[in-house]
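>>> quick check, what structure comes out for this input:
(one chain, ligands or ions: 3)
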Amino acid sequence: MSEIFTGIPKIQYEGPASKNPLAFKFYDPEKVVLGKKMKEHLPFAMAWWHNLCAGGTDMFGRDTADKSFGAEKGTMEHAKAKVDAGFEFMSKLGIEYFCFHDVDIIPEADDIKETNRRLDEISDYILAKMKETGIKCLWGTANMFSNPRFMNGAGSSNSADVFCFAAAQIKKALDLTVKFGGKGYVFWGGREGYETLLNTDMKFEQDNIARLMRMAVDYGRSIGFKGDFYIEPKPKEPMKHQYDFDAATAIGFLRQHGLEKDFKMNIEANHATLAGHTFQHDLRVSAINGMLGSIDANQGDYLLGWDTDEFPFDVYSATMCMYEVVKAGGLTGGFNFDAKCRRPSYTHEDMFESYILGMDTFALGLMKAAAIIEDGRVDAFIKDRYASYNSGIGAKIVAGETTLEELAAYADTLGAPELPGSGKQERLEGIVNQILFG
Ligand code: XLS
Ligand code: NI
Ligand code: NI
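Ligands and ions are numbered 1, 2, ... in the order given. Down below sits the predicted model:
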């Protein structure tokens, strides 16, 4: 097999002063931060679909990037060329994981039996590469949104036959995930939502999605899948209203259907911001519910109302992300770059520079989050802010040892109560700026 990305060397850490576009400025895999190597804090993954499949087609124009990798598109030779390209790409960047949908790795056939045969063939080829390079699978998933049959969703489809197709795809994608030793299996509810309630039985659709997930868990466990299932919340796009709106909604759904022990969240930055939250908000909601599993590391554009899937460059947001991740004790999953180069960035070199940008951004985020934690002022302020619950009536409330009557009687003794202490938001924002840029 010959080199595909000729002229692109193995990417090295050269430090913040380097002007070499093909070098890491901040991601130094062996550097120890808070007692752990950077590469252990940051298990990065390549998203097969964006990096090896997407060529920049949008609603107004065709591909700008050539992702043929020397083979004819739509053939198994091309599928193999993508494997070769992907493993060379990951090896050159020192990325240890990949994520995939079933149809990212082969051209889908009309007949699912032929599709599955192709999946068997390509997965043998991928497995050999994994053994050769030591690269692992972070998570797998089934694409249940591109094929026209999924126009009304998969688990939420009005058609029982389509539901069965979804089941068949999940079964195979789980087989592949187990074959690759994947750590997780993702449900992103591509078209699990609705356009109008005039034609939709919302409760029936949601119950059916839960039935499909329950069967997936049962099957996965029966074939030895020990990892986490993930829901990847998203509020809209492609549907007007997606059922897994945000982490809070998805967690409520899982609890309602008794699925919470097998599932965690895969939080994507751009999806959180589309839901009107910060990235940090959805991470925190997941973490406090014990369900922070994995991250789709990208970023959106606040001026645009859709999933732009940009490579993350916002150090502030990455810092707050890493603050949440470190506080939660790390991820059981990893950081999947569910991101694509901008359409005019169409060269092979751009693919590498985009990943360098993303990896450096999260390395900076990690170092800055560690600095905020080590500085201690933010954490101390938060702790002190709730000090009224440490003793007296506050401690009784927390211990569940009081009643509404007792509290009302206590309130009667207060006269005009003191205002709660100042929130000091501006001071805290200043502290974060001082740590980021001082
Ligand atoms: C799309 C999603 C998708 C999932 C995997 O918005 O982010 O790429 O990560 O199906
Ligand atoms: Ni997305
Ligand atoms: Ni995603």
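
>>> below-threshold pLDDT in the stretch 1-150 of the chain: ranges please.
1 (pLDDT under 70).

>>> which residues of it fall in strands?
Per DSSP state E, counting those that start in this stretch, the stretch 1-150 of the chain carries strands over the ranges 12-13, 23-24, 32-33, 36-37, 44-47, 97-101, 136-141.

>>> does ligand 1 sit close to the longest one?
Spelled out, it's strand 136-141. Yes: using Cβ under 6 Å from any ligand atom, strand 136-141 comes into contact with ligand 1 via Thr141. Backbone N, C-alpha and C define where each C-beta goes, glycine included.

>>> partner strands of that strand and their direction?
Strand pairing for strand 136-141, using DSSP bridges, gives strand 97-101 (parallel), strand 184-188 (parallel).

>>> same list (the ones you listed) but as a markdown table, adding mean neighbour count and distance to ligand 1.
Below are the strands paired with strand 136-141 laid out as a markdown table (neighbours: other Cβ atoms under 10 Å; distance: least, Cβ to the nearest ligand atom, whole Å):
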| stretch | mean neighbour count | distance to ligand 1 |
| --- | --- | --- |
| strand 97-101 | 25 | 6 |
| strand 184-188 | 25 | 4 |
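
>>> let me have the strands of the stretch 1-150 of the chain in CSV, extended by distance to Asp124.
Below are those laid out as CSV (distance: least, Cβ to Cβ, whole Å):
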stretch, distance to Asp124
strand 12-13, 33
strand 23-24, 33
strand 32-33, 38
strand 36-37, 32
strand 44-47, 20
strand 97-101, 15
strand 136-141, 14
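
>>> run the angle between whichever strand or helix holds Met213 and strand 184-188 for me.
Using DSSP states H and E, Met213 maps to helix 202-222. On the basis of axes from the mean of the first three to the mean of the last three Cα atoms, to 10 degrees, helix 202-222 is oriented at 170 degrees to strand 184-188.

>>> any idea of the mean pLDDT for helix 202-222?
The predicted model assigns helix 202-222 a mean pLDDT of 98.

>>> helix or strand right after it?
Moving toward the C-terminus from helix 202-222, the next helix or strand (DSSP H and E) is strand 228-232.

>>> verify the contact between Thr332 and Ser294 for me.
Yes: counting by Cβ atoms under 8 Å, Thr332 does reach Ser294; the two are 7.3 Å apart.

>>> more neighbours, these two?
Ranked by neighbour count (other Cβ atoms under 10 Å), Thr332 and Ser294 place Ser294 first, with 28 against 16.

>>> what about that one, which helix or strand?
Following DSSP H and E, one finds Ser294 within strand 292-296.

>>> could you check that strand against ligand 1 for contacts?
Yes: applying Cβ under 6 Å from any ligand atom, one finds strand 292-296 touching ligand 1 at Asp296.

>>> what's next to that strand, contact-wise?
With contacts defined as Cβ atoms under 8 Å, 6 or more residues apart in numbering, strand 292-296 is touched by 47, 138-139, 184, 186, 228, 230, 232, 264-271, 283, 286, 321, 324-325, 328, 331-338.

>>> tell me the angle of it relative to strand 228-232?
Counting by the same axes, to 10 degrees, strand 292-296 points 50 degrees away from the direction of strand 228-232.

>>> Provide the strand pairings for strand 292-296, with the direction of each partner.
Partner strands for strand 292-296, per DSSP bridges, with pairing direction: strand 263-268 (parallel), strand 335-337 (parallel).

>>> for the stretch 101-250 of the chain, which residues are neighbours of ligand 1?
His101, Thr141, Val186, Trp188, Glu232, Lys234.

>>> any chance of these in CSV, with distance to Tyr27 too?
Below are these laid out as CSV (distance: Cβ to Cβ, whole Å):
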residue, distance to Tyr27
His101, 27
Thr141, 26
Val186, 25
Trp188, 27
Glu232, 25
Lys234, 28
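
>>> contacts for stretch 388-406, please.
Leu407, Tyr410.

>>> residue in the stretch 1-150 of the chain nearest to ligand 3?
When distances are taken as Cβ to the ion, the stretch 1-150 of the chain reaches nearest to ligand 3 at Ala47, 7.5 Å away.

>>> OK, contacts around the spatially closest residue to that residue that is not a sequence neighbour?
Leaving aside its sequence neighbours, Ala47 sits nearest to Asp338 (Cβ to Cβ, 6 or more residues apart in numbering; 4.9 Å). Applying Cβ under 8 Å, 6+ apart, we find Asp338 in contact with Ala47, His50, Cys99, Glu268, Asp296, Ala297, Asn298, Asp309.

>>> next one: Ala65
Taking Cβ under 8 Å, 6+ apart as the contact definition, Ala65 lies against Ala54, Gly55, Gly56, Cys341, Tyr346, Thr347, Asp350.

>>> tell me where the stretch 301-438 of the chain has helices.
Ranges of helices within the stretch 301-438 of the chain are 315-327, 348-375, 377-385, 392-399, 404-412, 425-437, based on DSSP state H, counting those that start in this stretch.

>>> show me what the first one is packed against.
Applying 3 or more Cβ pairs under 8 Å, 6 or more residues apart in numbering; DSSP states H and E, we find helix 315-327 packed against helix 38-41, helix 279-288, strand 292-296, helix 348-375, helix 425-437.

>>> need the ones you listed in TSV with distance to Thr200, can you?
Formatted as TSV, these follow (distance: least, Cβ to Cβ, whole Å):
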stretch	distance to Thr200
helix 38-41	43
helix 279-288	26
strand 292-296	27
helix 348-375	37
helix 425-437	42
